[in-house]
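> Below are the sequence and a predicted model; questions follow.
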Protein chains: 2
Amino acid sequence: MSYYILDKTNIVEYLNSIKNVKDYFGTDSLDIDEIGDGNLNFVFIIKSQIDGSKALILKQAVPYLRCVGEEFPLNRERMTYEIRALQSYCEQTPKHTPIIYDANEEMSAVVMQFLSEHIIMRKGMINEVIYPKFADHISSFLASNLFNTSSLCLDSTTKRELIDKFNSNTELCKLTEDFVFTFAFMPHDTNDEYAKEHELANKLFNDMEFKKEVLSLKYKFMTQNDALIHGDLHTGSIMLNKEETFVIDPEFAYVGPYGFDIGALIGNLTMSYISHIALKSDKDYQEWVFQTIEEILVKFEEKFLELWKEQKESALLTNNFIEDEYLQEFKQEFMVQILKDSVGYAGCKMARRMFGIAGVSDIREIEDKDIKDNAIKMTLDIAKEFVKRNKNIKNINEVMNIIKDKTT
Amino acid sequence: MSYYILDKTNIVEYLNSIKNVKDYFGTDSLDIDEIGDGNLNFVFIIKSQIDGSKALILKQAVPYLRCVGEEFPLNRERMTYEIRALQSYCEQTPKHTPIIYDANEEMSAVVMQFLSEHIIMRKGMINEVIYPKFADHISSFLASNLFNTSSLCLDSTTKRELIDKFNSNTELCKLTEDFVFTFAFMPHDTNDEYAKEHELANKLFNDMEFKKEVLSLKYKFMTQNDALIHGDLHTGSIMLNKEETFVIDPEFAYVGPYGFDIGALIGNLTMSYISHIALKSDKDYQEWVFQTIEEILVKFEEKFLELWKEQKESALLTNNFIEDEYLQEFKQEFMVQILKDSVGYAGCKMARRMFGIAGVSDIREIEDKDIKDNAIKMTLDIAKEFVKRNKNIKNINEVMNIIKDKTT
């Protein structure tokens, strides 16, 4: 099948060609709505006219940036990597992955479960919704996906095949290299207007100790192939309610450092925490966010080690190579290294959201200028500590203390 | 062209189909000799019957291990990676790469310059030949090939394309994972007979601090894609004379950690040094080997930094991102990290040669048992220090002092 752009006139015919989708809707007539997903792609909701509870999502990449138009070309092969990552998630963490009804790399299109009872986490957190199971869910998601796609679990050949599948996600990796690690920390015309005269932007752009460490984290991002990472795991890539958590939009997926996803998540939760401190929101909510950050880090480590315990042989390990006492030490040091990297990446992710392209609404949409500036200041204080101190972090307490110290 | 195995009956016809080769020999009749290259492949010398100085080498991989036979299958695609690495070397360091007359991935065959006036370095060193230009040559080879294929030089897209070209060299990478990092450090039926009752083997196999650090180095070997490495750069992969140095046999090539090639080389030179200490060879020769190790490390760093100085933009660096003073600090720390890794890998490479498959003749062929055992002991003493202390190494002096301390 050669690629063509789907629209309301041809989408029903396309859907009818997919057996899984036909089985799902039966002979029902369908309603089609194009909703967009914000930036990159076209997204359609397909609903049964007979039974409104029957609905699926179709997402298709076009060879340009949807929100800008054809004058901003962006390779539609980004959907290839999204599809491959979703397929990997379906294997590793089906509970936290939308059901995939069809995935078609040639068409750069995927048909999947419509999450009608879930909202984007960032919106929920801005509205102070507590998600009591979130830390448990997302730590499972992280531990399973990162461990099971690493050289601690896979054999050498399978790991290389995995790298092969994602290595050419060049364009989106380059976006991260540019927008997460570079342009947001220097005067650049992609930065927010706000940055131009902001004193804190000026200070950030001139903090050379910070930028030296950013280079080190960027280099690791480009050269360390630990595991299949989502690549953009902020609270806008999570849909959830009090009972269920789903991770979506893994188009930035590639085989990179463990700490990048954990850092993205922790960084974004920390920015939510800061926004609630700055806005003097409900204390219990603040406390829940804080506890959630800690719980994710603790549970991630527990669950990652649990999976490792079950895995006797892998690309790295051969039975009877090393005594258990020393293997445990090795594992502990390994986990500390993941934590260090996570903290470093959390800092990059936070700092880049202040003045770079695509800020986080938790903070950018604060209307009161003083409150917003206070939130920016706290974010940068923590981000700088995270980045500059990442290599010396030894445990989760130290991380939580940095957040505490810089928000009081 | 589909693959077939070349032999004396069909090789002339094959050679006649290659324009470069025809241009080289003209209408001369050819003599063909099959010499083997020791282990993996078939190697033919092709000589003009008219002018004996005109000669080329043809090397072809067969789908099994040549020295064992068809019962030991080994993917002939290994030659694909050798060809690609040689082509990269031709670009980066033509002075240290045999001239390639033809490279044919389908035929798993390469036709190249016959190095008639050069010998394998290991043999030269066993015979106490001084190569005054070697340190200068090989440090250029290392600096150019490693720097120019790294994210410090290439742009993001080109780097990923490079990874693509070498990522599937799975079988040979797995050989390294198994034989350099694993089996040689535990009881295993591939180990030398000698290991079975040797007290030092027993001690090595039970040195858990050493093995814990080996795991860490193995993990880095599998997951760190710094630059295109040769993957097997010992003194048997170098052909030279007093004036010229050539690197050959890069079939293990893939995009891995900088330190692996440097470590392989330093480790093998250190074993040569140890053999001459143990054998009480000429002091001047000992001194030359020692100085050569130091000179390689010093000059590699100088030349790598020189290339970096000329390279303003790359996947890592954007103009005006960071002030020069901090960039220099970053570079210094970067070079120390390469040194640490090099020392760690040197240690692995040395230790694995003592009891694992394929020892080095410098030491294994010492006839006197006490002298040989003394050489093994010194090698393991240094190797263990290198491996256990690699993360704390700060400068080249410390490395040289370890060698000095453990050989007196």
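Cool, the structure landed. Residues are numbered from 1 along each chain as shown, chains lettered A, B, ... in the order given.

> So which other helices or strands are in contact with the longest helix seen in chain A?
Using DSSP state H to define each element, chain A has its longest helix at helix A:324-355. Judged by 3 or more C-beta pairs under 8 Å, 6 or more residues apart in numbering or on different chains; DSSP states H and E, helix A:324-355 is in contact with helix A:199-205, helix A:208-223, helix A:258-278, helix A:283-310, helix A:369-389, helix A:396-405, helix B:208-223. In short, each C-beta sits where N, CA and C put it, glycine included.

> Run the angle between it and helix A:369-389 for me.
Helix A:324-355 runs at 150 degrees relative to helix A:369-389, counting by axes from the mean of the first three to the mean of the last three C-alpha atoms, to 10 degrees.

> Can you give the distance of helix A:324-355 from its chain's centre?
16 Å (C-alpha atoms, centre = their mean, to the nearest Å).

> Could you pull out the buried residues of it?
A:326-327, A:330-331, A:334-335, A:337-355 (16 or more other C-beta atoms under 10 Å in any protein chain shown).

> Indicate the residue of the stretch 1-150 of chain A located nearest to chain B.
residue A:150 (8.3 Å; C-beta to the nearest C-beta).

> Now that residue: closest residue in space, sequence neighbours ignored.
Of all residues not flanking residue A:150 in the chain, residue A:227 sits nearest, at 4.1 Å (C-beta to C-beta, 6 or more residues apart in numbering or on different chains).

> Same question for residue A:269.
residue A:293 (5.0 Å).

> Tally up the residues packed near whichever residue of the stretch 101-250 of chain A sits closest to chain B, please.
Nearest to chain B in the stretch 101-250 of chain A, going by C-beta to the nearest C-beta, is residue A:208, at a distance of 4.1 Å. A count of nearby residues for residue A:208, using other C-beta atoms under 10 Å in any protein chain shown, gives 17.

> Quick check: the most centrally placed residue in chain A vs residue A:96, distance?
By C-alpha atoms, centre = their mean, chain A has its centre lying nearest to residue A:233, at 0.8 Å. Remark: distance between residue A:233 and residue A:96 (C-beta to C-beta, to the nearest Å) = 12 Å.

> and if you look at residue A:202?
41 Å.

> Please identify which of the two sits among more neighbours.
residue A:96 (22 against 14).

> Need the pLDDT of that one.
pLDDT for residue A:96: 98.

> what sits against the closest residue to chain B within the stretch 251-400 of chain A?
At 4.1 Å from chain B, residue A:326 is the closest residue in the stretch 251-400 of chain A, using C-beta to the nearest C-beta. Contacts for residue A:326 (C-beta atoms under 8 Å, 6 or more residues apart in numbering or on different chains) come out as B:208-209, B:211-212.

> try it again with 7 Å
Residues counted as contacts of residue A:326 (C-beta atoms under 7 Å, 6 or more residues apart in numbering or on different chains) are B:208, B:211-212.

> What about chain A: which of those touch it?
The subset of the contacts of residue A:326 lying close to chain A, counting by C-beta under 7 Å from any C-beta of the partner chain, consists of B:208, B:211-212.

> Identify, from the residues you listed, the entry nearest to residue B:362.
For those, the residue nearest residue B:362 by C-beta to C-beta is residue B:211; the value is 24.7 Å.

> Next one: that closest one from residue B:380, what distance?
13 Å.

> Burial check on the residue lying closest to residue A:25 once chain neighbours are set aside, number of neighbours?
Nearest in space to residue A:25, with sequence neighbours left out and distances taken as C-beta to C-beta, 6+ apart, is residue A:48 at 5.6 Å. Residue A:48 has 18 neighbouring residues, counting by other C-beta under 10 Å.

> Got phi/psi on residue A:48?
Taking degrees, to the nearest 10, you get phi -70, psi 130 for the backbone angles of residue A:48.

> Need the pLDDT of it.
Predicted confidence (pLDDT) for residue A:48: 95.

> Thought residue A:28 was touching it, still the case?
Yes. Counting by C-beta atoms under 7 Å, residue A:28 is a contact partner of residue A:48 at 4.0 Å.

> which residues do these two both contact?
residue A:54.

> Now do the same contact list for residue A:287.
No contacts exist for residue A:287 under C-beta under 7 Å, 6+ apart.

> and stretch A:163-175, how far apart are its ends?
19 Å (C-alpha to C-alpha, to the nearest Å).

> ok, and for that stretch, which residues are buried?
A:163, A:165-175.

> Now, the residues you listed that are in helices?
A:163, A:165-166, A:170-175.

> For chain B, tell me which of these show up nearby.
Within those, those near chain B by C-beta under 7 Å from any C-beta are A:163, A:170, A:173-174.

> Could you export those as TSV, including distance to residue B:20?
Formatted as TSV, these follow (distance: C-beta to C-beta, whole Å):
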residue	distance to residue B:20
A:163	35
A:170	34
A:173	38
A:174	38
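
> ok, which residues in the stretch 301-408 of chain A are in contact with chain B?
Counting by C-beta under 7 Å from any C-beta, the stretch 301-408 of chain A sits next to chain B at A:315-316, A:318, A:320-323, A:326, A:329-330.

> same deal with the stretch 101-250 of chain A?
A:151, A:156-157, A:160, A:163-164, A:167-168, A:170, A:173-174, A:177, A:182, A:186, A:208, A:211-212, A:215, A:218-219, A:222-226.

> got a list of what the residue nearest to residue A:150 touches?
A:146, A:149-150, A:255, A:258.

> redo that, cut-off 6 Å
Counting by C-beta atoms under 6 Å, 6 or more residues apart in numbering or on different chains, residue A:227 touches A:146, A:149-150, A:258.

> Taking the residues you listed together, which two end up most distant?
That would be A:149 and A:258, which, of those, are the farthest apart (C-beta to C-beta) at 10.0 Å.

> can you list the domain ranges for chain A.
A:11-113, A:119-405 (automatic domain parsing).

> Got phi/psi on residue A:43?
Dihedral angles (degrees, to the nearest 10) for residue A:43: phi -130, psi 130.

> Might one say that it is in contact with residue A:58?
No. Judged on C-beta atoms under 6 Å, residue A:43 makes no contact with residue A:58 at a distance of 7.2 Å.

> Who has more neighbours out of those two?
Set residue A:43 next to residue A:58 and count neighbours by other C-beta under 10 Å: residue A:58 wins out with 25 against 16.

> And the contacts of the helix or strand encompassing the more buried one?
Counting by DSSP states H and E, the element that carries residue A:58 is strand A:55-60. Outside strand A:55-60, the residues within contact range by C-beta under 6 Å, 6+ apart are A:6, A:41-44, A:46-47, A:108-112, A:114.

> so which of those comes closest to residue A:101?
residue A:111 (4.4 Å).

> Torsion angles phi and psi at residue A:86?
According to degrees, to the nearest 10, residue A:86 has phi -60, psi -40.

> Over to the one 5 residues further on?
Reported as degrees, to the nearest 10, the phi and psi values for residue A:91 are phi -70, psi -40.

> residues near it, how many?
Neighbour tally, residue A:91, other C-beta under 10 Å: 12.

> hang on, isn't the residue of the stretch 101-250 of chain A closest to chain B packed against residue B:323?
Yes. Here residue A:208 reaches residue B:323: they are 5.3 Å apart, a contact under C-beta under 6 Å.

> hang on, the earlier thing: which stretch in the domains of chain A has the least confidence?
Going by mean pLDDT, the lowest-scoring of these is domain A:11-113, which has a mean of 92.

> how distant is that one from the center of its chain?
19 Å.

> Also stretch A:277-296?
20 Å.

> Can you give me the buried ones in that stretch?
A:277-279, A:281, A:285-286, A:288-290, A:292-296.

> What is the nearest of those to residue B:262?
residue A:296 (39.4 Å).

> dump the residue contacts of that closest one.
A:135, A:138-139.

> Same list (those residues) but as TSV, adding neighbour count and secondary structure.
Shown next, in TSV, are the contacts of residue A:296 (neighbours: other C-beta atoms under 10 Å in any protein chain shown; DSSP: H, G, I helix; E, B strand; the rest coil):
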residue	neighbour count	secondary structure
A:135	22	helix
A:138	28	helix
A:139	22	helix
